[in-house]
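J.: Turn this into a model:
(2 chains)
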Amino acid sequence: MNRIPVMIDCDPGHDDAIALIMALASDKLDVRCITTVAGNNTLENTTKNCLKVLTVLGKEHDVPVAMGLDHPMFKPLRISKSVHGESGMDGPVVPDPVVKPVDMNAVQLMEKVVRESEERVTIVPIGPLTNVGTFLLANPDLKPKIERICLMGGSSLIGNSGSATAEFNIFQDAEAANVVFSSGIPIVMHDIESTRKAFVEEKDIEELRGMNHVGKFVAELMDFFTLYSKQHNLTFSIHDACAVSWLIDPSIFISTFANVTVDIVGEKTYGCTVTDFRANSTLPKNTEVVLNVHRERFVQLLKDCVKQYSK
Amino acid sequence: MLKEPVIIDTDPGIDDFMALVLAAKCERFDIKALTPVAGNQVFEKVWRNARGIAKLLGINCVVTKGAEKPLILEQELADAVHGETGLGKLQLPESDAPVCEKYAWDVMYEEAKKNPGKLHIIAIGPLTNVAIAIKKYPDIVGLIGKLSIMGGSAGFGNHSPYGEFNIWVDPHAAAIVFRSGLKVQMFGMDGNKTCQMSVQDFHDIMDLDCAIKQEMNDALSFSIEAAHGYGAEAPVLHDAVTMAGIIDESLMEFVECYTDVEVRSKTCFGRTICDVRNTWGKQPNSLVAVKGDKEKFKSVIINTLKKYR
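T.: The predicted structure follows:
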């Protein structure tokens, strides 16, 4: 079977790290490049964290990593240390990575990968959409070569970003998100309502811890990541891993098609992914909106991916 | 004399045509590229116009591909002012130059890298191409020598109460440019209006014998009629004033201030807010042209036309 060529744009981030671990373990996916963006933390830190993850996996020479944009299109970066800690990926103690990002920026690397690819490429954005939006603006001729954009972000109803209506990744750069959603490229949206349902339990974390060195790393990520969830009475959800899991096995998710646009002007609704579920809506259904997750199968997939690193 | 490398980002447009007439004969300029952008007319048309103008005026440079719509909004045209083709009654020769497949932003970056600190980008349409260059290549900000734009207003607008057309069509692009760290030389409504010529001035220009007399008349007569249509005595040739102000640096007076662009308000959408009193206490990022010398503007045009022999 042909592997799906993917480019992952991320801001590690605990759940980003787990998404990367799954993507690089799966024989369904061919990760052509990883690009970093400012989001959960500064670009410098998200890039460092990304390279740390690759180093833990022993894959630091396998995939090119490029640094992207260091702030959203129209405003300064606001990072969330409460969820991911000072470094953006607090918890596991990992030495500083030796490997460096490639000598071109994220937008240039994406362009190169897509141009050189014979097949259409899938973009997997799991941070703010600044890099992907810029890539689409700068390369209108490459849009037909993008298979789909499978992203973690958005909220059709309840936000999580200090805004009642917007999810963090979209809220960080709603203008870039607007560019992505209006691009005409098919989108799969793992919004925050659905990704909340993709959670692990304490016993899953302990099982992973005992599995191998990568499982231990995942468990240590979760040890820190769950502190915030416990404080706020939330599930231990691994949001970003959903976007990667869908590509490996879409049958784990339940979804429907709808028109989604991103609000960029509302006083209360800036960053809301306005999802038109009305039966009589005539707007083009540009987005596959994920509604639910078969949680146990999701957790099993995570464990299966981590097991790959025992070999 | 070492010439100034120049890229002209344009959406021709009758006043763009006039600006290019001036630029083509400016000995100081080494025009590296024309980078069309959707604005006054749809991209296909402004691209064809730019190529035709280059051929007519003998501007020997590439005409790139560029943005076909604003960054986020849908495109709005100024076809009432510039007509169906974008150039009034002017018929241009069909260009036989090879088609350049490169994008505006890539060529801007290439030239900026080749001429660090020297490249002058003169943007007389919506700022979409320039904004994409800044976002795709953040380091271009340190490489560009100078950025001059036609757009914006410290006072009133021409497309909404405060919105000037070029900024109003793509305020997001303008916001990126003004927030980029570049110092923007801004030729907006304020200074340009002070260079509004009378109908008599136009006739002085149109009657002048030169190799492009017919083309000038076809373009400008449409523009004058259109101005009468919207209740003005004569048009303000915004892009041409801008180019003249760059060619003759004594033409305009400038105020240095911090300028930002409103991208959300319903009523003030697309307004350039020039903080001339420095109430925000920010470092100036713009030189705003506030007052020009109409007679000097007219002289630049007449002196240039005399070179078309």
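J.: where does chain A have low pLDDT?
T.: Low-confidence segments of chain A (pLDDT under 70): A:1, A:162.
J.: Just give me the longest helix of it.
T.: helix A:213-231 (DSSP state H).
J.: Tell me the helix or strand right after that helix.
T.: For helix A:213-231, the following helix or strand on the C-terminal side (DSSP states H and E) is strand A:236-237.
J.: Note down every partner strand of that following strand and its orientation.
T.: Sheet pairing for strand A:236-237, assigned by DSSP bridges, gives strand A:199-200 (antiparallel).
J.: related to what we said a few turns ago, got the buried residues for the longest helix of chain A?
T.: Buried residues in helix A:213-231, counting neighbours by 16 or more other Cβ atoms under 10 Å in any protein chain shown, are found at A:214-222, A:224-226, A:228. All C-beta atoms are positioned from the backbone trio N, CA, C, and that covers glycine.
J.: Kindly report the same for stretch B:222-240.
T.: Buried-residue list, stretch B:222-240, by 16+ other Cβ under 10 Å: B:Phe222, B:Ser223, B:Ile224, B:Ala226, B:Ala227, B:Ala234, B:Pro235, B:Val236, B:Leu237, B:His238, B:Asp239, B:Ala240.
J.: mean confidence for that stretch?
T.: Model confidence over stretch B:222-240 averages 92 on the pLDDT scale.
J.: mind listing the strands for the chain?
T.: Chain wasn't specified; assuming chain A. Using DSSP state E, the strands of chain A run over A:4-10, A:29-36, A:65-67, A:121-125, A:146-152, A:187-190, A:199-200, A:236-237, A:253-262, A:273-276, A:287-293.
J.: other chain: chain B
T.: Under DSSP E, chain B gives strands at B:4-10, B:29-36, B:62-63, B:120-123, B:146-150, B:184-187, B:252-261, B:272-275, B:286-292.
J.: What is the neighbour count of A:Pro144?
T.: Residues lying near A:Pro144 (other Cβ atoms under 10 Å in any protein chain shown) number 10.
J.: Skipping adjacent residues, who's closest to it in space?
T.: A:Arg120 (7.8 Å; Cβ to Cβ, 6 or more residues apart in numbering or on different chains).
J.: Could you double-check that that neighbour lies in contact with A:Ile146?
T.: Yes - using Cβ atoms under 8 Å, A:Arg120 is in contact with A:Ile146, at 6.4 Å.
J.: between these two, who's got more neighbours?
T.: A:Ile146 (22 against 13).
J.: which pair in the buried residues of helix A:213-231 spans the largest distance?
T.: A:Val214 and A:Tyr228 (22.7 Å; Cβ to Cβ).
J.: Tell me which residue lies nearest the centroid of chain B.
T.: Taking Cα atoms, centre = their mean, the centroid of chain B lies closest to B:Ile124, which sits 1.4 Å from it.
J.: quick one, what contacts A:Thr55?
T.: A:Val94, A:Pro95, A:Pro97, A:Val98, A:Val99 (Cβ atoms under 8 Å, 6 or more residues apart in numbering or on different chains).
J.: for the chain, what spans make up the helices?
T.: You didn't pick a chain, so chain A it is. With DSSP H as the criterion, chain A has helices at A:14-25, A:43-57, A:81-84, A:106-116, A:130-138, A:168-172, A:174-181, A:192-195, A:202-209, A:213-231, A:239-248, A:295-307.
J.: I was thinking of chain B, sorry if that wasn't clear
T.: Taking DSSP H, the helices of chain B run over residues B:14-24, B:43-57, B:79-82, B:104-114, B:128-136, B:165-169, B:171-178, B:189-193, B:199-206, B:213-229, B:238-247, B:294-305.
J.: Contacts for the one helix or strand in chain B whose mean pLDDT sits lowest next, please.
T.: Every helix and strand in chain B was compared by mean pLDDT, DSSP states H and E; the lowest is helix B:79-82, with a mean of 81. Helix B:79-82 has contacts (Cβ under 8 Å, 6+ apart) with B:Gly13, B:Ile14, B:Asn40, B:Gln41, B:Gly86, B:Gly88, B:Ser223, B:Ala226, B:Gly229, B:Tyr230, B:Pro235.
J.: Counting neighbours, what do you get for A:Ala138?
T.: Quick note: A:Ala138 (other Cβ under 10 Å) scores 22 neighbours.
J.: so how far is B:Lys135 from it?
T.: Distance, A:Ala138 to B:Lys135, by Cβ to Cβ, to the nearest Å: 7 Å.
J.: Next, show the common contact partners of these two.
T.: A:Val107.
J.: For residue 62, list the residues it contacts.
T.: All of this is about chain A. A:Asp62 makes contacts with A:Leu24, A:Leu54, as judged by Cβ under 8 Å, 6+ apart.
J.: Chain B was what I was after
T.: B:Lys32, B:Ala33, B:Leu34, B:Cys100, B:Lys102, B:Val107.
J.: give me the number of residues near residue 137?
T.: In the absence of a named chain, this looks at chain A. Number of residues near A:Leu137 (other Cβ under 10 Å) recorded here: 24.
J.: switch to chain B, that's the one I care about
T.: Using other Cβ under 10 Å, B:Tyr137 has 21 neighbouring residues.
J.: now B:Lys25
T.: So B:Lys25, with other Cβ under 10 Å, has 18 neighbours.
J.: Just give the closest residue to it, not the sequence neighbours.
T.: B:Lys307 (4.4 Å).
J.: what's the spacing between the closest residue to A:Val274 other than its chain neighbours and chain B?
T.: Nearest residue to A:Val274 in three dimensions, chain neighbours excluded: A:Thr261, at 5.1 Å (Cβ to Cβ, 6+ apart). Distance, A:Thr261 to chain B, by Cβ to the nearest Cβ, to the nearest Å: 11 Å.
J.: Looks like A:Thr261 contacts A:Ser183 (just checking).
T.: No - at 11.8 Å, A:Thr261 does not count as touching A:Ser183 under the criterion of Cβ under 8 Å.
J.: Spatially, which residue comes closest to A:Val99, not counting chain neighbours?
T.: A:Glu60 (4.2 Å).
J.: The one you found: what's it in contact with?
T.: Here A:Glu60 is in contact with A:Leu51, A:Leu54, A:Pro97, A:Val98, A:Val99 (Cβ under 8 Å, 6+ apart).
J.: Please spell out the PyMOL selection for the buried subset of the residues you listed.
T.: What follows is the PyMOL syntax for the buried subset of the contacts of A:Glu60, where burial is set by 16+ other Cβ under 10 Å:
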select buried, chain A and resi 51+54+97
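J.: All set, thanks.
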